[in-house]
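> predicted model and sequence below, questions to follow.
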Amino acid sequence: MKHTYTVTGMTCNGCRTSVEDKLNAMDGVINATVNLEKSEAVIEMAKHINIETIQKALPEKYTISEKNIFQAQKPLAEMPKSDLQQLLPLFLIFGYITIAAILLNYNPWNGSSFMLDFMGLFYVVFSFFKLLDLKGFPESFKMYDPLAKVMPIYGLVYPFIELALGILFLMRIQIPVALVVTLIILGITTIGVTKTLLDKKSIQCACLGTALKLPMTKATFIENSIMIVMAIIMLIG
């Protein structure tokens, strides 16, 4: 017998593999396949296994529930979202940060101060979303960041590094140090993003943590590039 379930909490292929392995290791499961994009698990069982037992076999960050008829039909009725639609939250946040930085410096206009406020707000806002799921973020981040792959602890402290940089920029403390650190950490991430895009891998972007499921696209590369360019301009200036 086959049953289809909805699985929430998965943010990357690593999560998908983890869930799939846990399900296949259960007694009574003949075969289990997990689809990350549909947040779905199809389990073939030798005998019926109740949902409570299945849930206990999975780590706490994942929630599995039975898929009812309405849920099963819903994907057929909905058109797949384009990259632009999926990235709307990112563009909105980016727009709000830009407008806020402009309003803080428009009268009189100060370009250098604008860039410092922009980078400060960028880091504070983006670190907030990463901190919403501090356990899940490192797993998604290491899928494309080279340093996080070899040093898992880096993914855990990265949101706090961003928060600290945001405070330094907004309070105008140790700006040269903050700019150099920005070039290093975003430079490393951009290398990973570029490789992911060139390899045409389909993974989720962790720039806004795991709270918002965003695909890895050129927008992520552009976002990092803007911050890097600003940091270079400020250092030269």
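The structure has been received and is ready for your questions. Predicted, not measured: the structure shown is a model, and the values here were computed from it.

> can you pull out the helices in this structure?
13-24, 51-56, 69-77, 83-86, 88-105, 111-131, 136-141, 146-150, 152-171, 175-199, 218-236 (DSSP state H).

> out of the ones you listed, which is the most enclosed?
Among the helices of the chain, helix 136-141 has the highest mean neighbour count (mean count of other C-beta atoms under 10 Å), at a mean of 24. Using the backbone N, CA and C atoms, a C-beta is placed for each residue, glycine as well.

> can you list the low-confidence ranges for the chain?
Along the chain, the parts satisfying pLDDT under 70 run over 68-86, 201-219.

> could you list the domains of it?
2-77, 83-236 (automatic domain parsing).

> JSON lines for the helices of the chain, including distance to Thr63?
Below are these laid out as JSON lines (distance: least, C-beta to C-beta, whole Å):
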{"stretch": "helix 13-24", "distance to Thr63": "11"}
{"stretch": "helix 51-56", "distance to Thr63": "7"}
{"stretch": "helix 69-77", "distance to Thr63": "14"}
{"stretch": "helix 83-86", "distance to Thr63": "22"}
{"stretch": "helix 88-105", "distance to Thr63": "22"}
{"stretch": "helix 111-131", "distance to Thr63": "20"}
{"stretch": "helix 136-141", "distance to Thr63": "12"}
{"stretch": "helix 146-150", "distance to Thr63": "25"}
{"stretch": "helix 152-171", "distance to Thr63": "22"}
{"stretch": "helix 175-199", "distance to Thr63": "27"}
{"stretch": "helix 218-236", "distance to Thr63": "27"}
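
> looking at those, spot the one closest to Tyr62.
Of all those, it is helix 13-24 that lies closest to Tyr62, at 5.7 Å by C-beta to C-beta.

> what's in contact with the closest one?
7, 9-10, 29, 31-36, 41, 43, 54, 57-59, 62, 136, 139-140, 142-143, 203 (C-beta atoms under 8 Å, 6 or more residues apart in numbering).

> which of those are buried?
7, 9-10, 29, 32, 34, 36, 41, 43, 54, 57-58, 62, 136, 139-140, 142-143, 203 (16 or more other C-beta atoms under 10 Å).

> among those, which are in strands?
Mapping the buried ones among the contacts of helix 13-24 onto strands (DSSP state E) picks out Val7, Val29, Ala32, Val34, Ala41, Ile43.
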